[in-house]
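> Make a model of this:
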Amino acid sequence: MDTMMIYMVLSLFFSWLVVLSFAAYKVRSHYVRLTTRTRRQGIDEILDVLLRQIDMVAKTQHSLKKELNQVQSHLTHYYQKIGLVHFNAFGKAEGEQSFVLALLNEQNNGVVINFIYIHEGMRIYIKLVKGGKSDKHELSEEERQAIAKAQ
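Numbers count the residues shown, from 1 in each chain. The predicted model follows:
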């Protein structure tokens, strides 16, 4: 009975030794493959390089986020929306040579520029727009259409 127990303990020990040897072989082959790809540097040098690269990427990402936020905050002030409506100013047969141009930013603030064609030349009128509505003056139907197209 004692010899049987000894054989079982030895077989368990031998099996455990095989498992540990296999695991050690896998770790070593992975290490060799890693160091071979990186010109035979040590693992600590490889990890140092990776950590430095991670720090550089994090700093670059932080500065890019900061710049992007600045650009986005400035974009709200620029004209981003455009609406254009052609019309016949006086109902005559001269064609739709007059037009209204609406230029709005993100908050629908901006200007409406009315270009009215007459035989002597062109008349240009500008009205300020805040929140998609005229700031001081009443809007014509064409100006309202241009604002609606811009929004």
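
> contacts and neighbour counts: CA atoms only from here.
Noted.

> Give me the three-state assignment for Leu20.
helix (DSSP: H, G, I helix; E, B strand; the rest coil).

> I'd like to know how many residues surround it.
12 (other CA atoms under 10 Å).

> List the contacts of it.
Listed by CA atoms under 8 Å, 6 or more residues apart in numbering, the contact set of Leu20 is empty.

> measure it to Glu106 for me?
Distance, Leu20 to Glu106, by CA to CA, to the nearest Å: 65 Å.

> elements contacting the helix or strand of the chain with the lowest mean pLDDT?
The weakest-scoring helix or strand in the chain, judged by mean pLDDT, DSSP states H and E, is strand 133-134 (a mean of 86). In terms of contacts (3 or more CA pairs under 8 Å, 6 or more residues apart in numbering; DSSP states H and E), strand 133-134 is packed against no helix or strand at all.

> from the middle of its chain, how far away would it be?
Centre-to-centre, strand 133-134 and its host chain are 32 Å apart (CA atoms, centre = their mean, to the nearest Å).

> Centroid-nearest residue for this protein?
Taking CA atoms, centre = their mean, the centroid of the chain lies closest to Leu68, which sits 8.4 Å from it.

> List the buried residues in the strand or helix carrying that residue.
Applying DSSP states H and E as the criterion places Leu68 in helix 43-75. Residues of helix 43-75 include none that count as buried (16 or more other CA atoms under 10 Å).

> count of neighbours near Glu106?
With other CA under 10 Å as criterion, Glu106 counts 15.

> Am I right that it is in a strand?
No - Glu106: not assigned to a strand; according to three-state DSSP it is coil.

> Give me the local confidence score for the residue lying closest to it once chain neighbours are set aside.
Nearest non-adjacent residue to Glu106, counting by CA to CA, 6 or more residues apart in numbering: Thr76, 5.2 Å away. If you check Thr76, the pLDDT there is 75.

> now swap in the one 10 residues further on and tell me
What the model reports as pLDDT for His86 is 88.
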